[in-house]
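Q: Whatever this is, show me its structure:
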Amino acid sequence: MQSFWERMARLCWSTPAFAHGTGALFARNGIGRPRRITLSKSTAGASRRRESKGNVIVFRPGRAYDYVVGDATSGYGDQVERYRRHLLFLKPDVLVMLDEVRAKKPVPLKLWLHGLAPFEIDTAAGRIALAFEKATLSGRLLAPGGLRVDQTDKYPIPPESGATRPEWHLWAETRESRPITHIVSVLGVSRAGEKVALSDVEDTSAGPQVAVRFRQSGKMVHVSFDTVGLTAKID
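A: Numbers count the residues shown, from 1 in each chain. As a prediction, the model looks like this:
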C-alpha cells in the first residue's frame, strides 16, 4: 500500500497563511517512512538557519495502525507557539491527518497536497479525489468554520533546482482566522477502479482533544488526538 501512496500524492506540511511567501515546510511523506523536513526561510525573513527545521517527535508503529507526529514550530519564529502534524495510518487503506497550530494572534491555516494528476474537488462537501496510474485517493477535509479549497498547476514556491514535471497543487485554507485552529483530513487509498468507502465524516473536537468520526465500509470509527499528551485513540 505504501507504493500506492508514493505514486498518488506527495503530502506536504501545511503552511499558515500568515507565513506563506516567507516560510514553507515541505516533506515528501510515504506511509510509515517520515523524511527530513526543510525550511526555505523563517517567518521573520531571516536566512535559512540550522535550527529552523522540523522534527519527528513521535513514531509509534503498530500492527493495526502507525502514529507519527512532526513538529515544525521552530520554523516560524516567535509567531507560533506550536505547529504540528499528526499522521495516523489505519492499516491498510486509511490515513487520518491532523494539522494543528497555536499562534499568538488569529491566523488562517493552509494545507497543501501535491499530485501528479488533477484533483477532483467538491468544495461544498469538502471532498477531494485523485486518480493516477494504478491507484486512487479520496477523502474529506474538515476545519472549524469550514475551508476554501482550490488547486493550481503552478508551483507555490519555485523549485530550487532541476527540471520540473507537471504537477497539481491542491490547497485548503480555513475560512476563519483563529489563534488555535486545525485541519483534519480523512483520506482513503485503493487500487485503480476501487474506492475506500468513507462516509458521514464529522469533526467532533472538544477542548484540547481533536477528534473525527467517520463510517468506513458501514462501520463507525472514532479517532481522537490528545494534542498535549501526543497520543491517538481509535474506537
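
Q: contacts and neighbour counts: CA atoms only from here.
A: OK.

Q: Y76 belongs to a strand, doesn't it?
A: No: with DSSP: H, G, I helix; E, B strand; the rest coil as the criterion, Y76 is located in helix rather than a strand.

Q: Tell me, how many residues neighbour it?
A: Here the number of neighbours of Y76 (other C-alpha atoms under 10 Å) works out to 27.

Q: how close does it get to P92?
A: 34 Å (C-alpha to C-alpha, to the nearest Å).

Q: Kindly report the same for V196.
A: 10 Å.

Q: Neighbour count: those two, which is higher?
A: Comparing V196 with P92 by other C-alpha under 10 Å, the one with more neighbours is V196, at 18 against 13.

Q: What residues does the more buried one make contact with?
A: When contacts are counted by C-alpha atoms under 8 Å, 6 or more residues apart in numbering, V196 is found next to 93-94, 138, 188-190, 216-217.

Q: These into JSON lines, with extra columns for neighbour count, distance to T152 and pLDDT?
A: Formatted as JSON lines, the entries for those read as follows, by neighbours: other C-alpha atoms under 10 Å; distance: C-alpha to C-alpha, whole Å; pLDDT from 0 to 100:
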{"residue": "D93", "neighbour count": "17", "distance to T152": "27", "pLDDT": "91"}
{"residue": "V94", "neighbour count": "21", "distance to T152": "25", "pLDDT": "94"}
{"residue": "S138", "neighbour count": "22", "distance to T152": "18", "pLDDT": "92"}
{"residue": "G188", "neighbour count": "24", "distance to T152": "22", "pLDDT": "93"}
{"residue": "V189", "neighbour count": "25", "distance to T152": "22", "pLDDT": "89"}
{"residue": "S190", "neighbour count": "21", "distance to T152": "24", "pLDDT": "87"}
{"residue": "Q216", "neighbour count": "16", "distance to T152": "30", "pLDDT": "93"}
{"residue": "S217", "neighbour count": "10", "distance to T152": "32", "pLDDT": "87"}
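
Q: from those residues, which single one is nearest L113?
A: Closest to L113 out of the contacts of V196 is S138 (12.3 Å), distances taken as C-alpha to C-alpha.

Q: element containing that closest one?
A: Of the helices and strands defined by DSSP states H and E, S138 is found in strand 135-142.

Q: Name the residues of whichever helix or strand comes after that strand that come out as buried.
A: Per DSSP H and E, strand 135-142 leads on to strand 147-152 as the next helix or strand towards the C-terminus. Applying a neighbour-count criterion of 16 or more other C-alpha atoms under 10 Å, one finds 147, 149-151 buried in strand 147-152.
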